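Student: show me how the following folds:
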Amino acid sequence: MRTLKQSSHIVALGLALALPLCLPALPVFAQPSTPPARVVELHVDGQIDPVVAEYVDEGITQANRDGAALILITMDTPGGLDTAMRDIIKVILNSPVPVVGYVAPGGARAASAGTYILYAAHVAAMAPATNLGAATPVEIGMPMPGGGADPVGRAGSAASAAAAPGHDAMAAKRVNDAAAYIRSLAQLRGRDTAWAEQAVRESVSLSANDALSRKVIDLVAVDLNDLLRQLDGRVIAIGESGAGSVKLATANASVVVLEPDWRGRLLAVLSEPSLVLMLMMLGVYGLLFEFMNPGYVLPGVIGGVALLLALWGLQMLPVNYAGLALILLGMAFLVAEAFVPSFGALGIGGAAALVVGSVILIDPEGAGGYEVPVAFSVALALVSAALVFVTVYLAVKARRRPVVSGREDLFGAGGEVLEAFEGGGWARVRGENWRVVSAAPLGPGQQVRVVDIDGLTLRVEPLNGNQ
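Tutor: As a prediction, this is how the structure comes out:
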């Protein structure tokens, strides 16, 4: 018989030998992996205006709120308004998340206001075959330096235009202010300050490779994947003073594109020059028709809404006020043609003023691509002329039609005697019963004619053959 002590030793030895066999059956728990970095991409295509500034502001704010690792602004812009550009730059400078400005795809540009935004970004990148520069500010709608007429139309744009040598005091102030602004951005990001100031004062431009060699930008990337690969591991200074820093980990980052919401898309459509011109003319014609024919209501409502939308669109665009005045003058001439016997002179002059005004309303080069096509302007002028002529003609024709109701309509009206009487009785005239008087006795059913009106009493006489 084995002793109890020997039995316990045997059990312990068996457990020790069986334990390795049980280990593979134990569950193996995987260590939690770090999720990939999240990159938020915003697209700035076309003119930089308050709508684009609001879109970028909301996008950067949302990216910061959602904890994004990087914000990417992909740009292809010819420039835009100074106020909108500065709003975007303020948001970039105050963003705790690094912002990368990327001029892409190939063939894109970051001209004028786009150059300032690229300088403000924490990292400036460009795709091959892209360019930046031509950042001279232009006073839109005012005479250009050197005595020429600037065809653009609003103060404070960063549109591309060369500053003439004989510039006036106001032009010098604008150029000096813009040069100091972009120079401060270049100093903040450690980029070429000399070329930045040259881009403002001389409207020079650079290609992507030249910009990289002059340290205007930080890198050249073929596409988005190449850009994220080059950014991986880069240390970015954060804050206006560069006190903090962030190390990027973008090798396997996920890219989320933020598109404008429905409101932004609607406002962008309403700021299209051709639509603004149509809304303005529709508003003026609607109100004109309502004033000439009070009581229709609908033309006045449509005209008022259209005119307010047009005014909102105009304040979003670099408008040439001479072109706007020509458009209004042309519409006034077209309306006057219907009332003044000018044998077509006012109508032809009005149509010509509409075409010229709409063509020069916005300069496509200085305004960064905004323009009203000439064919559209001519078609709109012809349609407007025809519409005004037809509308005013019908209104005038309606005013000249004979009166079909009231006291004047009763003179000469026929009626039928309702009862026999001598001196006074009742007759039906124009479907109504009237008190009538007659010098001759009348019988029921006899036809009479009204010859005079005395208050609410009609003086009648029997028709020929009914006496």
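Student: does residue 430 touch residue 416 like I think?
Tutor: No: in this structure residue 430 lies outside contact range of residue 416 using Cβ atoms under 8 Å: 10.9 Å. All C-beta atoms are positioned from the backbone trio N, CA, C, and that covers glycine.
Student: am I right that residue 450 is in a strand?
Tutor: Yes: counting by DSSP: H, G, I helix; E, B strand; the rest coil, one finds residue 450 located in a strand.
Student: what's the burial count for it?
Tutor: Number of residues near residue 450 (other Cβ atoms under 10 Å) recorded here: 21.
Student: go on, residue 119?
Tutor: Neighbouring residues of residue 119 were enumerated by other Cβ under 10 Å; the total is 29.
Student: which stretches in the stretch 351-467 of the chain count as helices?
Tutor: Using DSSP state H, counting those that start in this stretch, the helices of the stretch 351-467 of the chain run over residues 374-400, 407-410.
Student: now swap in the stretch 1-150 of the chain and tell me
Tutor: Taking DSSP H, counting those that start in this stretch as the criterion, the stretch 1-150 of the chain carries its helices at 4-22, 50-65, 82-93, 113-120.
Student: among the ones you listed, which gets the worst mean confidence?
Tutor: Among the helices of the stretch 1-150 of the chain, helix 4-22 has the lowest mean pLDDT, at a mean of 52.
Student: just want the most central residue of the protein.
Tutor: In the chain, the residue lying closest to the centroid (Cα atoms, centre = their mean) is residue 271, at 2.5 Å.
Student: gap between it and residue 79?
Tutor: Plainly put, residue 271 is 15 Å away from residue 79 if you go by Cβ to Cβ, to the nearest Å.
Student: next: residue 425.
Tutor: Taking Cβ to Cβ as the measure, residue 425 falls 87 Å from residue 79.
Student: who has more neighbours out of the two?
Tutor: residue 79 (32 against 19).
Student: for the more buried one, which non-adjacent residue is closest in space?
Tutor: With Cβ to Cβ, 6 or more residues apart in numbering as the measure, residue 112 is the residue that lies nearest to residue 79, at 2.8 Å, once sequence neighbours are left out.
Student: may I have the phi/psi pair for that neighbour?
Tutor: Main-chain torsions, residue 112, degrees, to the nearest 10: phi 50, psi -110.
Student: next, count neighbours for it.
Tutor: A total of 32 residues lie near residue 112 under the criterion other Cβ under 10 Å.
Student: pLDDT score for it?
Tutor: 89.
Student: can you pull out the strands in the stretch 201-350 of the chain?
Tutor: In chain order, the stretch 201-350 of the chain shows strands spanning 205-207, 219-220, 235-238, 244-247, 254-257, with DSSP state E, counting those that start in this stretch as the criterion.
Student: still on that earlier bit, do you know how far the residue nearest to residue 79 is from residue 348?
Tutor: From residue 112 across to residue 348, the span is 39 Å (Cβ to Cβ).
Student: what do you get for residue 63?
Tutor: According to Cβ to Cβ, residue 63 and residue 348 sit 56 Å apart.
Student: then residue 72?
Tutor: 54 Å.
Student: give me the more crowded residue out of the two.
Tutor: Between residue 72 and residue 348, counted using other Cβ under 10 Å, residue 72 has the larger neighbour count: 29 against 15.
Student: got the contact list for the closest residue to the more buried one other than its chain neighbours?
Tutor: Excluding the flanking residues, the one nearest residue 72 by Cβ to Cβ, 6+ apart is residue 41, at 4.5 Å. When the contact criterion is Cβ atoms under 8 Å, 6 or more residues apart in numbering, the partners of residue 41 are 72, 73, 74, 224, 255, 256, 257, 258.
Student: quick one, what contacts the first one?
Tutor: Think residue 72. Residue 72 touches 39, 40, 41, 42, 99, 100, 102, 224, 227, 255, counting by Cβ under 8 Å, 6+ apart.
Student: residue 413: neighbour count?
Tutor: By the measure other Cβ under 10 Å, the count of residues near residue 413 is 14.
Student: low-confidence bits of the stretch 351-467 of the chain, can you list those?
Tutor: In the predicted model, the stretch 351-467 of the chain carries pLDDT under 70 at residues 363-371, 387-389, 391-409, 465-467.
Student: rerun at 50
Tutor: By pLDDT under 50, the low-scoring segments of the stretch 351-467 of the chain are 365-368.
Student: same check, this time on the stretch 51-200 of the chain
Tutor: Across the stretch 51-200 of the chain, residues meeting the criterion (pLDDT under 50) sit at 141-167.
Student: switch the cut-off to 70
Tutor: Counting by pLDDT under 70, the ranges of the stretch 51-200 of the chain that qualify are 139-167.
Student: in it, which spans are strands?
Tutor: With DSSP E, counting those that start in this stretch, the ranges of strands along the stretch 51-200 of the chain come out as 70-76, 99-103, 109-111, 123-126, 131-133.
Student: could these go into TSV alongside distance to residue 251?
Tutor: Converted to TSV, the strands of the stretch 51-200 of the chain look like this (distance: least, Cβ to Cβ, whole Å):
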stretch	distance to residue 251
strand 70-76	12
strand 99-103	15
strand 109-111	26
strand 123-126	16
strand 131-133	27
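Student: closest one to residue 376 among the ones you listed?
Tutor: Closest of the strands of the stretch 51-200 of the chain to residue 376 is strand 70-76, at 24.4 Å (criterion: Cβ to Cβ).
Student: any idea how far the closest one is from the chain center?
Tutor: Mean C-alpha position of strand 70-76 versus that of the full chain (Cα atoms, centre = their mean, to the nearest Å) differs by 21 Å.
Student: can you list the strands that it pairs with?
Tutor: Using DSSP bridges, the neighbouring strands of strand 70-76 in the sheet come out as strand 38-45 (parallel), strand 99-103 (parallel).
Student: and the nearest residue in space to residue 463 that is not next to it in sequence, what does it touch?
Tutor: Taking Cβ to Cβ, 6+ apart, and ignoring the residues beside it in sequence, residue 463 has residue 447 as its nearest neighbour in space, at 4.6 Å. When contacts are counted by Cβ under 8 Å, 6+ apart, residue 447 is found next to 414, 415, 416, 417, 462, 463, 466.
Student: what of residue 102?
Tutor: 72, 73, 74, 75, 125, 126, 127, 221, 224, 227.
Student: how far away is the residue nearest to residue 212 when sequence neighbours are not counted from residue 129?
Tutor: For residue 212, the nearest residue in space outside its immediate sequence neighbours is residue 220; the separation is 5.2 Å by Cβ to Cβ, 6+ apart. Taking Cβ to Cβ as the measure, residue 220 falls 10 Å from residue 129.
Student: which neighbours do these two share?
Tutor: Joint contacts of residue 220 and residue 129 (Cβ under 8 Å, 6+ apart) are residue 208.
Student: what does the pLDDT read for residue 326?
Tutor: At residue 326, the predicted lDDT confidence score is 87.
Student: and for it, the neighbour number?
Tutor: Every residue meeting other Cβ under 10 Å relative to residue 326 is counted, giving 21.
Student: tally of neighbours for the residue lying closest to it once chain neighbours are set aside?
Tutor: Take residue 326 and drop its neighbours on the chain: the residue closest to it by Cβ to Cβ, 6+ apart is residue 357, 3.0 Å away. Applying other Cβ under 10 Å, we find 24 residues neighbouring residue 357.
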